[in-house]
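Trainee: here is a sequence together with a model predicted from it:
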Amino acid sequence: MDDLTDVERRLLTKGLEEEVYTGTLDADPVALSHRIAADLSGFVTEPDARNVEYTTDPYRSYKTLLDRLMAKRCQLRRYLCRVGNYTLIPGSTLSLEESDEFIISNPNNPYYRFIRDTYGTTVVTASTHINVGIPDPEALIAAYRLLRAEASMYLALTANSPFLHGQPTGAHSNRWLVFPQTPHEVPFFTSHDHFRKWVGQQIESGAMFNARHLWLSIRPNGDATPNEIERLELRICDRISQPSILGAVVALFESRIWQLLESLERGSRDLDPLAFRSDRELQEICLRNEQRAAESSLEATITDWRTGEDVLMRDWVESCWRGCLPTARAHGFEDHLAPIAEILDEGSLAQQWLAQVATGLSPREVLRRSIVKLTDIDRQYDPECPSPLPPSNP
């Protein structure tokens, strides 16, 4: 603790999990995760071998957090180039795959077999999970309620899965549209004890395979969950490839958590959704908002959990972002929020990609261009990152 700077003392701990597809320079995925996990320390398989996961330790500093993530990402890029001139594939779904075949990374893993047999390729997606440490379990549950009510805005900011089977589907996040929320109904927990008992009941009934089989937009988590929880995990985001955008989304998330924690210190329930609506109503609002965000990202019309009124997602996000600026300023990370304005101006990555398709480019051409652009962005962190040049022919 003595090594922390004054700014870091005003920050919560944050950790990142990144799932990413591996494949060719032509944007076709290739099953490599079992090889990567065997050869590189700190990289693990996903149930399907076409994507791989790596994580950071928790840090308070935004710079350290992003630097550690980028170091792992560039380590993976060097490995992929060395074993076959492969690269990282943009997006959060198997955008160009024609087949629905599930390529299991470890057939001996019973959980992987369960996922394959139960869900198929609906779970073969890539995303960025953001974990923020909250030591007090009751405060963590209160933060879960607020951020679950607002999770759809994080999907709207990060949506980048508009293609399936090589074609636009009309949606902005096909990943979230098809991903199976499990269990189907998850309450706005009133306490840690409520959460702990509910998870135990779901496992006992078979609705959940294990304590990790809680798949929704956001969840309380911990190394010994559900009995011990110490972090809030935002799971709804499509994979966030640009570091500056990732930092901004993390900063928005942390700002809202700080606002919630400070409201609890004042004894206020102004940021408790259960003070405004019933659990059932909140579940319905969230499900509808997440569906609409997946369909239209920033162009969606959603329901404000506080007022019950329909608002434009872009306006809702902007209002939240502006309301977070004083909090971020007080805690020393206001500058990291700046890229939210860029997203509001330029649209989500899905909107940008669909605009390119509207000019006549194919989804494959869009992804090829994105491979080059995103590699160049990564090279700003590590000039030794390989810089692939996809084929110029369609």
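Mentor: Everything's here; your move.
Trainee: got the contact list for the closest residue to residue 50 other than its chain neighbours?
Mentor: What sits nearest to residue 50 in space, not counting adjacent residues and going by Cβ to Cβ, 6 or more residues apart in numbering, is residue 29, at 4.2 Å. Yep, even glycine has a C-beta here, placed from its N, CA and C like the rest. Neighbouring residues of residue 29 by Cβ atoms under 8 Å, 6 or more residues apart in numbering: 21, 22, 23, 50, 51, 89, 94, 96, 97.
Trainee: do I have it right that the second one meets residue 32?
Mentor: Yes - with contact defined as Cβ atoms under 8 Å, residue 22 and residue 32 form a contacting pair (4.6 Å).
Trainee: for the protein, which segments count as helices?
Mentor: For the chain, helices defined by DSSP state H occupy the ranges 6-9, 33-39, 62-84, 110-119, 137-149, 151-158, 174-178, 192-205, 243-265, 279-296, 313-331, 339-346, 349-358, 363-379.
Trainee: follow-up on the earlier one: could the contacts of residue 29 go into CSV alongside distance to residue 294?
Mentor: Listed next are the contacts of residue 29 as CSV, based on distance: Cβ to Cβ, whole Å:
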residue, distance to residue 294
21, 19
22, 25
23, 24
50, 22
51, 19
89, 20
94, 16
96, 20
97, 19
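Trainee: show the buried residues in those residues.
Mentor: 21, 22, 23, 50, 51, 89, 94, 96, 97 (16 or more other Cβ atoms under 10 Å).
Trainee: ok, of the residues you listed, which one's closest to residue 209?
Mentor: The shortest approach to residue 209 among the buried ones among the contacts of residue 29 belongs to residue 51, at 19.9 Å (Cβ to Cβ).
Trainee: that closest one against residue 123, yeah?
Mentor: No - in this structure, residue 51 is not within contact of residue 123 by Cβ under 8 Å, at 10.3 Å.
Trainee: what's the pLDDT at the residue most central in space within the chain?
Mentor: Nearest to the mean C-alpha position of the chain, by Cα atoms, centre = their mean, lies residue 237 at 2.9 Å. In this model, residue 237 is scored at 98, pLDDT.
Trainee: ok, the nearest residue to it once chain neighbours are set aside - contacts?
Mentor: Among residues not flanking residue 237 along the chain, residue 158 sits closest, at 4.3 Å (Cβ to Cβ, 6+ apart). For residue 158, the contacting residues are 128, 237, 238, 239, 240, 245, 249, 348, 349, by Cβ under 8 Å, 6+ apart.
Trainee: bridging residues for the third one?
Mentor: Meaning residue 238. Beta-bridge partners for residue 238, by DSSP bridges, are residue 127.
Trainee: could you give the number of residues near it?
Mentor: By other Cβ atoms under 10 Å, the residues close to residue 238 number 30.
Trainee: pretty sure it is touching residue 177, no?
Mentor: No - using Cβ under 8 Å, residue 238 is not in contact with residue 177; the gap is 11.3 Å.
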